[in-house]
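1. Okay, predicted coordinates and the sequence, questions at the end:
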Amino acid sequence: MSLLVIAEHDNAALKAVTLNTVAAAQKIGGEIHVLVAGSGCAAVAAAAAKIAGVSKVKLADAAHYADQTAENLAALVQANAAGYSHILAAATGGGKNLLPRVAALLDVAQISEITAVESPDTFVRPTYAGNAMATVKSADAVKVITVRSTGFDPVAAEGGSAAVEAVAAAADLGLAKMTGREITKSARPELGAAKVIVSGGRGMGSGENYHKLLEPLADKLNAALGASRAAVDAGFVPNDYQVGQTGKIVAPQLYFAIGISGAIQHLAGMKDSKVIVAINKDEDAPIFQVADYGLVADLFQAVPELIAELG
Amino acid sequence: MKILVPVKRVVDYNVKVRVKADGTGVDLANVKMSMNPFDEIAIEEAVRLREAGIAKEVIAVSCGVAACQETLRTAMAIGADRSILVESDVDLQPLAVAKLIKAVAAKEQPQIVIFGKQAIDDDANQTGQMFAALMGWPQATFASKVVVSGDTASVTREIDGGAETLEFKLPMVITTDLRLNEPRYATLPNIMKAKKKQLDVLKPADLGVDVTPRLTTLKVSEPPKRGAGIKVADVKDLVAKLKNEAKVI
């Protein structure tokens, strides 16, 4: 049995989330191949070849994979799908865009955002914003799966020595043309990879307050900044800050929920964090039911105090 | 041009669902059902495109039980011109729905099909992408801005860490993200008007689509519970506990 893992990368570097996807593939069992599709991405393929447990890297290097558009990538995966029992990708923005298209081209179901592997055809996945965990069995010949990274500890990035094999690019379908990409520039760690996350909710009151209070705190802790859906809906911060079922699923060592009431949809995105701290003036806020350390206080006083106390 | 908008009837987003004691699913008896929130955004976007003179007709389509007619009436109250129900009591999974929508699209010939990015019940986030694959159309998923001009559309999409803008040639698929728009409330006069709008009912067999489920749910269970911790007295206490007890700073 062979499994194909789609590498997540930006043409320059392999994204760490690929290591969690490989870990899920290992749980299923079998020979693990990694597909690296991009443009000028030999360094990514070299990094993928070093991942512990990977036995082959397939490299498709062509200009029309530079932007990682789903239309071209799905056609490539389809062309390379023969012989694989499982095709996996991380449940990131990229993976969620790509993999259902692959599944439909192969006329199979997709199993979304698995958090555990029960057997090669049976998986656990969250539904209803994480309020119900469904164990599902696939009847399809090929299992197309997106993997929620917080469900699987990453494999080692080093230790493997897989061969890199070039594969032919599929035709450029010319269905989508990139005209601009704006990556939020930040010296802070990415939400998905941060050890500490500072998140603010509707209680921040405004975008101005959010930045004025939380940025210095995040700086002190070398933390990523996050937000609840309420804060995003209120326009305090952009959507890519959102932690929750409809945003990013995170599991840092330390998570600060500040002015966040703890709606189910937010909890679904952060409840696997190792230590959760909640600061909220409403002592009945549901966030306190999951917080390891709860502080009932006015955040406008508590946050500056906290910054001062951290020195 | 026509815009087709698939909508799904789901448990209302304000309802806290309960897993049934026998582990066969979640308890849906007497639970409020509504249109999937992302699909409301999709209807709103389509109606705005019609109001801007870009689209001529907005058609809502739903696949599921007879009660989905209510969801379609809501879509027409927001502004869809007419609607189609593909009625089935089978558990319709994303691939089956994508195939049903493909069959409907073959009849209606829309230039744009706008899906919600994900339904808040099964959280699959698949149907729009699958439909695009079956049609061989481009897909602009997780859209936060849509500008249609002539036979092209420029769509800004939410991606990890930012946004990107792509240009597509119609026909195409769009799936909506939260910030695309804020759906209007259906007013009472519009709710009344929606009752008189056309609603056609089809069966999967009429469309020649096999909707047999590919995935079987073996069991549904509660997620592992995380216990409440302690309340700290003040900021000093908090920092001391994080340093000495949790050892995370």
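-> Structure's in. What do you need? Numbers count the residues shown, from 1 in each chain, chains lettered A, B, ... in the order given.

2. What number of residues are in the vicinity of the closest residue to A:Ala63 other than its chain neighbours?
-> Take A:Ala63 and drop its neighbours on the chain: the residue closest to it by CB to CB, 6 or more residues apart in numbering or on different chains is A:Ser39, 5.2 Å away. Every C-beta, even on glycine, is put in place using the N, C-alpha and C of the backbone. Taking other CB atoms under 10 Å in any protein chain shown as the neighbour definition, A:Ser39 ends up with a count of 15.

3. got the contact list for A:Ser39?
-> A:11, A:61-66 (CB atoms under 8 Å, 6 or more residues apart in numbering or on different chains).

4. hmm, 7 Å instead?
-> A:Ser39 sits next to A:11, A:61-63, A:65-66 when contact means CB atoms under 7 Å, 6 or more residues apart in numbering or on different chains.

5. which secondary element of chain A has the worst mean pLDDT?
-> Using mean pLDDT, DSSP states H and E, helix A:264-270 stands out as the lowest-scoring helix or strand of chain A, at a mean of 90.

6. partners of the helix or strand following it, with directions?
-> Past helix A:264-270, further along toward the C-terminus, the next helix or strand under DSSP states H and E is strand A:275-280. Sheet partners assigned to strand A:275-280 using DSSP bridges are listed as strand A:254-258 (parallel), strand A:293-296 (parallel).

7. For B:Ala143, find the nearest of these.
-> Proximity to B:Ala143, assessed across these by CB to CB, is greatest for strand A:254-258 (28.8 Å).

8. Helices along the stretch 51-200 of chain A, start to end?
-> Counting by DSSP state H, counting those that start in this stretch, the stretch 51-200 of chain A has these helices, from start to end: A:70-79, A:93-105.

9. quick one: the first one near chain B?
-> Yes. Using CB under 7 Å from any CB of the partner chain, a contact is recorded between helix A:70-79 and chain B, made by A:70-71, A:74.

10. Let me know the angle separating that helix from helix A:93-105.
-> Counting by axes from the mean of the first three to the mean of the last three CA atoms, to 10 degrees, helix A:70-79 lies at 50 degrees to helix A:93-105.

11. which strands and helices sit next to helix A:70-79?
-> Using 3 or more CB pairs under 7 Å, 6 or more residues apart in numbering or on different chains; DSSP states H and E as the contact criterion, the neighbours of helix A:70-79 among helices and strands are strand A:31-38, helix A:93-105.

12. ok so, going back, report pLDDT for the residue nearest to A:Ala63.
-> Among the per-residue scores, A:Ser39 holds a pLDDT of 98.

13. separation between it and A:Ala66?
-> A:Ser39 is 4 Å from A:Ala66, where distance means CB to CB, to the nearest Å.

14. got the contact list for the nearest residue to A:Ser228 once chain neighbours are set aside?
-> Using CB to CB, 6+ apart and skipping residues adjacent in sequence, the residue nearest A:Ser228 is A:Gly201, 4.0 Å away. If a contact means CB under 7 Å, 6+ apart, then A:Gly201 has A:227-228, A:230-231, A:259-261 as its contacts.

15. Closest to B:Ala80 out of those residues?
-> For the contacts of A:Gly201, with B:Ala80 as the reference and CB to CB as the criterion, the closest is A:Ala230, at 28.6 Å.

16. which residues does the closest residue to that closest one other than its chain neighbours contact?
-> Distances taken as CB to CB, 6+ apart place A:Arg202 nearest to A:Ala230, at 4.0 Å, with adjacent residues excluded. Taking CB under 7 Å, 6+ apart as the contact definition, A:Arg202 lies against A:228, A:230-231, A:234, A:259.

17. want to throw the residues you listed into TSV with neighbour count and distance to A:Lys50?
-> Written out in TSV, the entries for those read as follows (neighbours: other CB atoms under 10 Å in any protein chain shown; distance: CB to CB, whole Å):
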residue	neighbour count	distance to A:Lys50
A:Ser228	34	38
A:Ala230	21	42
A:Ala231	27	39
A:Ala234	17	44
A:Gly259	31	43
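
18. Can you name the two of these that sit furthest apart?
-> Within those, A:Ala234 and A:Gly259 form the most distant pair, 11.2 Å apart (CB to CB).

19. what residues do A:Ser39 and A:Ala66 have in common as contacts?
-> Here A:Ser39 and A:Ala66 share the contacting residues A:Asn11, scored by CB under 7 Å, 6+ apart.

20. on contacts alone, who are the packing partners of the longest helix anywhere in chain A?
-> In chain A, with assignment by DSSP state H, the single longest helix is helix A:207-221. For helix A:207-221, the helices and strands in contact under the criterion 3+ CB pairs under 7 Å, 6+ apart are strand A:196-200, helix A:299-310.

21. tell me the most buried of the ones you listed?
-> Using mean count of other CB atoms under 10 Å in any protein chain shown, the stretch among these with the largest mean neighbour count is strand A:196-200, at a mean of 28.

22. Now do that strand against strand A:254-258, angle only.
-> Using the same axes, to 10 degrees: strand A:196-200 against strand A:254-258 is 10 degrees.

23. Give me the residues contacting strand A:196-200.
-> For strand A:196-200, contacts defined as CB under 7 Å, 6+ apart pick out A:191, A:210, A:214, A:217-218, A:221-228, A:231, A:243, A:250, A:252-260.

24. Could you tell me which of the contacts of A:Ser39 count as buried?
-> For the contacts of A:Ser39, a neighbour count by 16 or more other CB atoms under 10 Å in any protein chain shown gives the buried set as A:11, A:61-62, A:65-66.

25. Now do the contacts for the residue positioned nearest the centre of chain A.
-> Residue closest to the mean C-alpha point of chain A, counted by CA atoms, centre = their mean, is A:Thr92 at 4.2 Å. Taking CB under 7 Å, 6+ apart as the contact definition, A:Thr92 lies against A:8, A:17, B:160.
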